[in-house]
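>>> Mind folding the following:
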Amino acid sequence: MRILILSLMVFSTVGWADCSKGQLCQLDIPGAQCADGSQSYINYIDRDSENLFIYVQGGGACFDAVTCGCRLKEKKCKGSNEGGEGSTVGYLSRPPMNSQIHPWSQSENNPIGKANYVEIVYCTGDVYTGAGIANYGAEIFPRLVRHYGAKNFELSLFKAKALFPNVKKVVVIGASAGGVGGSYNLHHIVENFGDTNLSVINDSGIPIFSRYLDLIKVKQVLKYWNVEDSLPKDLPKDDMVDFEDIYKYNSAKYGSVRFALLGATEDVVIGSYFSLLGGKSDAVAQSLQEAATLMERAFEHHYFYDVGKWHVATFLSSWGMPKTLLPQSHGINVEDWIELMVSGSKDWRDLSAD
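Numbering: from 1, shown residues only. Sure thing, here's the model as predicted:
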């Protein structure tokens, strides 16, 4: 089945030749939709490299009438995250081509060098876990949101593999919501690029553990997103599956794949979302500790934690922060730690918040 999908995707992309080497290009993904039903796509740069850097966009989460903004497709919906007509940026509608391009894609001064680039677009509000349509209104006045993030992620990876089938080294960075998506869809990443020198980095996508939040609220969110239908087929399912099960599954099945979780114990962005889900002030720190416990079961899964309020460490240097002020743990800054990971160094290890 996977070979058939890849064959169809290769057949449907004869326009690739129109994009020049080294140019930022846009490619629609057949079957991939944003929350408002608009066509989704990927950005990519072909640098004729043996390396590939994949960036998974972040951009918040959407799980009720408030966080999803006003009714989709209404002309009065003009807020940046509302997704209605007139909206130019948002996680519910098709974003501009270069709205979130990762700074690593523009620089040779990063752990993977001047690599080919693929950017997976986020416009579904479900941290890349959804597999259904939610109605956040009433039957007579529906507010429909297509939470197709997991399928979009899978289709985007198929396209990335078809674009760059012979790369030897791959680094995937998911930022915030994209980090959650990278963890949740690790099985799809390995399916496509497991035969390469692969590193997967979850940058500030702190997992949703129901034990540190309001169980009823978490259940409702996962139901709206229809997470159950996008889980790995061989993941054991019980009454409710949350990200504890995903981390257990990844550690057991993909423990030899280099995987990293970057997090700040007082992350203000994730903290605000956790508070909406009933989390207390220490929910972020507790969730990071729980993730550490689960990741320690895997040989090549490691974490970098720092006492701080920052969010998305791999963007900090691009905002003008000098290297000496980047998040540090036990005397090692986060960029040097990532360099150890990507280079395959034996010195790469867990760093708890000190």
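>>> now the residue lying closest to residue 251 once chain neighbours are set aside, what's its secondary structure?
In this structure, residue 251 finds its nearest non-sequential neighbour in residue 298, 4.0 Å apart by CB to CB, 6 or more residues apart in numbering. (Glycine included, C-beta is placed from N, CA and C.) Per DSSP: H, G, I helix; E, B strand; the rest coil, the local secondary structure of residue 298 is coil.
>>> neighbours of residue 298, just the number please.
When neighbours are defined as other CB atoms under 10 Å, residue 298 has 20 of them.
>>> Same check on residue 216?
Neighbours of residue 216 under the rule other CB under 10 Å: 10.
>>> can you tell me how far it sits from residue 176?
To residue 176, residue 216 is 25 Å away according to CB to CB, to the nearest Å.
>>> Next: residue 337.
Distance from residue 337 to residue 176, by CB to CB: 19 Å.
>>> surely residue 28 meets residue 34?
No: here residue 28 lies out of contact with residue 34, judged by CB atoms under 8 Å, at a distance of 11.5 Å.
>>> For the stretch 201-350 of the chain, give me the ranges with low pLDDT.
Applying pLDDT under 70 to the stretch 201-350 of the chain flags the ranges 239.
>>> ok, which stretches of it are helices?
Per DSSP state H, counting those that start in this stretch, the stretch 201-350 of the chain carries helices over the ranges 215-225, 243-253, 268-276, 283-295, 334-343.
>>> Redo those helices as CSV? Include distance to residue 128.
Output for the helices of the stretch 201-350 of the chain, formatted as CSV (distance: least, CB to CB, whole Å):
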stretch, distance to residue 128
helix 215-225, 10
helix 243-253, 12
helix 268-276, 15
helix 283-295, 17
helix 334-343, 21
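>>> Out of those, flag the one nearest residue 149.
Nearest to residue 149 among the helices of the stretch 201-350 of the chain is helix 215-225; the distance by CB to CB comes to 7.9 Å.
>>> And the average pLDDT for the longest helix anywhere in the chain is what?
Identified as the longest helix of the chain according to DSSP state H is helix 149-163. On average, the pLDDT along helix 149-163 is 97.
>>> Does anything pack onto the following helix or strand past that helix? Which helices or strands?
Sequence-wise, the next helix or strand downstream of helix 149-163 (DSSP states H and E) is strand 169-175. Here strand 169-175 touches strand 51-56, helix 177-184, helix 186-193, strand 197-203, going by 3 or more CB pairs under 8 Å, 6 or more residues apart in numbering; DSSP states H and E.
>>> out of the ones you listed, deepest packed?
Comparing these by mean neighbour count (mean count of other CB atoms under 10 Å), helix 177-184 comes out on top with a mean of 29.
>>> Now do the contacts for the residue nearest to residue 67 when sequence neighbours are not counted.
Spatially, and ignoring its direct neighbours in sequence, residue 67 is nearest to residue 61 (6.7 Å; CB to CB, 6+ apart). The neighbours of residue 61, taking CB atoms under 8 Å, 6 or more residues apart in numbering as the test, are 67, 125-127, 177, 273.
>>> how long is stretch 160-176 end to end?
End-to-end distance for stretch 160-176, by CA to CA, to the nearest Å: 21 Å.
>>> err, stretch 138-151, not the other one
For stretch 138-151, the first-to-last residue distance is 26 Å (CA to CA).
>>> Can you mark which positions in it are buried?
By neighbour count on 16 or more other CB atoms under 10 Å, the buried set for stretch 138-151 is 143-151.
>>> Then stretch 202-212?
Using 16+ other CB under 10 Å as the test for burial, stretch 202-212 gives 202-210, 212.
>>> which among those residues gets closest to residue 293?
residue 209 (10.7 Å).
>>> what's the distance between that closest one and residue 285?
Residue 209 is 12 Å from residue 285, where distance means CB to CB.
>>> With residue 152 instead?
Distance from residue 152 to residue 285, counting by CB to CB: 31 Å.
>>> and the two? which has more neighbours close in?
Counted by other CB under 10 Å, residue 152 and residue 285 do not tie: residue 152 has more neighbours, with 28 against 20.
>>> just checking, that one touches residue 41?
No: using CB under 8 Å, residue 152 is not in contact with residue 41, being 9.7 Å away.
>>> tell me, what's touching the two both at once?
Here residue 152 and residue 41 share the contacting residues 29, 32, 121, scored by CB under 8 Å, 6+ apart.
>>> Among these, which lie within strands?
29, 32 (DSSP state E).
>>> just curious, which of the shared contacts of residue 152 and residue 41 is nearest to residue 237?
Top of the list for closeness to residue 237, among the shared contacts of residue 152 and residue 41 and by CB to CB, is residue 32 at 25.6 Å.
>>> Quick check on residue 42: phi, psi?
For residue 42, the backbone dihedrals (degrees, to the nearest 10) come out as phi -120, psi 160.
>>> Which positions in stretch 23-41 come out as buried?
24-25, 27, 29, 32-38, 40-41.
>>> What's the mean pLDDT across that stretch?
93.
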